[in-house]
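**Student:** Task: produce atomic coordinates for the following.
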Amino acid sequence: MSRTILINVLRFFVLVFFQVFLFKNITLYDLSIPYPYILIILLLPFETPNIVLFPVAFITGLTIDAFYDTPGLHAAACTLLAFVRISFINITVQKDGFDNDPEPTLSIMGFRWYFTYILVLTLIHHFFLFNLEVFRISELQYTFVRFLLSSLFTVFLMLLSGLLFYRKRER
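**Tutor:** Got it, this is the predicted structure:
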């Protein structure tokens, strides 16, 4: 258990570092901004208690808010992401077949489930984040384009990182 905690703490610092110092500066024509820091929440083990999941999601969002000067936008979006993550996992995963608190990674769950998981949750996170950021009907088309392109860019980066750290399936 302590190894899992250490890995997730390390993942938190590494992803926040990359988000703040690398991905914050990568934008494609101010339309596509990648937010792969949400992997902090997405890759937590299935059996993470809600009393831990929600504060981790909120603190993750608050940390990103501190560097992006967005008062609570990322914190709200990450908290929603944690809520939707619980529902998605309860609907799609049968936890009886697992022995040791697996993580929802590409190597454990397979490409199809992992892709669906990160795609759906990224779309929900980004939709909420960008609509909360703009909060104007007059810019609906621009917000929609930003939401779609940023989601695709983020999913691409998360798939790339999943393939980079892919290990042969152990089940």
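
**Student:** From F12, how far off is the nearest residue to S32 once chain neighbours are set aside?
**Tutor:** Of all residues not flanking S32 in the chain, L149 sits nearest, at 3.9 Å (CB to CB, 6 or more residues apart in numbering). Heads up, the C-betas are built off the backbone N, CA and C, glycines and all. To F12, L149 is 26 Å away according to CB to CB, to the nearest Å.

**Student:** for F165, same thing?
**Tutor:** Distance from F165 to F12, by CB to CB: 15 Å.

**Student:** Quick check: end-to-end length of stretch 41-48?
**Tutor:** With CA to CA, to the nearest Å applied, stretch 41-48 spans 10 Å between its terminal residues.

**Student:** Mind listing what's buried along that stretch?
**Tutor:** Neighbour counts over stretch 41-48 (16 or more other CB atoms under 10 Å) mark I41, L42, L43, L44, P45, F46, T48 as buried.

**Student:** Need these in JSON lines (columns: pLDDT, distance to L81 and secondary structure).
**Tutor:** Formatted as JSON lines, those follow (pLDDT from 0 to 100; distance: CB to CB, whole Å; DSSP: H, G, I helix; E, B strand; the rest coil):
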{"residue": "I41", "pLDDT": "95", "distance to L81": "6", "secondary structure": "helix"}
{"residue": "L42", "pLDDT": "93", "distance to L81": "8", "secondary structure": "helix"}
{"residue": "L43", "pLDDT": "91", "distance to L81": "12", "secondary structure": "coil"}
{"residue": "L44", "pLDDT": "92", "distance to L81": "11", "secondary structure": "coil"}
{"residue": "P45", "pLDDT": "90", "distance to L81": "16", "secondary structure": "coil"}
{"residue": "F46", "pLDDT": "87", "distance to L81": "16", "secondary structure": "coil"}
{"residue": "T48", "pLDDT": "88", "distance to L81": "13", "secondary structure": "coil"}
